[in-house]
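Visitor: predicted model and sequence below, questions to follow.
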Amino acid sequence: MMRHLRAATASFLATLAVASLYALACGTRGSAVNFVWAQFAGPLQHARVGDVDYAYCRFGSGPPLVLICGITMTMAQWDFALLRELKRSFEVVIFDNPGIGESNDHSNAPLTIEGMAAG
């Protein structure tokens, strides 16, 4: 068990090191996170709804399960162990709220639950 855990940790650290080098080479915001994220969840996708450009990821298979981030949380902050487990049984959809993380809000409207539901 410990040997398997050490191997998994070493693999993750190697991926993170490559991602960091990639980020330094590209010099773009969030490159390391996006690189690691793409290895886990696939490419970042975008959907325009009104004045909001939502960034989201879909992965896994099964009935859809939408996870909604809390205040100022980005989708990159979800626990990978939780997402790995969920994607075994569900098509998981995660996204950044308007104006948070990789999502852009081009309106001047305040962020409210009602406004997000009307989206």
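Guide: Happy to help now that I have it. Residues are numbered from 1 along each chain as shown.
Visitor: show residues contacting the strand ranked longest in the chain.
Guide: Longest strand of the chain, by residue count under DSSP state E: strand 52-60. With contact meaning CB atoms under 8 Å, 6 or more residues apart in numbering, strand 52-60 is reached by 37, 40-48, 75, 83, 86-96, 98, 101-107, 119. The C-beta positions use only the backbone N, C-alpha and C, and glycine is treated the same way.
Visitor: other SSEs contacting the helix or strand just after it?
Guide: Once strand 52-60 ends, the next helix or strand along the chain (criterion: DSSP states H and E) is strand 64-67. Here strand 64-67 touches strand 91-95, going by 3 or more CB pairs under 8 Å, 6 or more residues apart in numbering; DSSP states H and E.
Visitor: and the strand it packs on, what's buried?
Guide: 92-95 (16 or more other CB atoms under 10 Å).
Visitor: adjacent strands (with direction) for it?
Guide: strand 52-60 (antiparallel), strand 64-67 (parallel) (DSSP bridges).
Visitor: mean pLDDT for the ones you listed: which is lowest?
Guide: Between the strands paired with strand 91-95, the one with the least mean pLDDT is strand 52-60; it has a mean of 89.
Visitor: let me know the pLDDT of the closest residue to His106 other than its chain neighbours.
Guide: Distances taken as CB to CB, 6 or more residues apart in numbering place Asp51 nearest to His106, at 4.3 Å, with adjacent residues excluded. The score at Asp51 is 84. That number is its pLDDT.
Visitor: what distance do you get for Asp51 to Asn104?
Guide: Distance, Asp51 to Asn104, by CB to CB, to the nearest Å: 9 Å.
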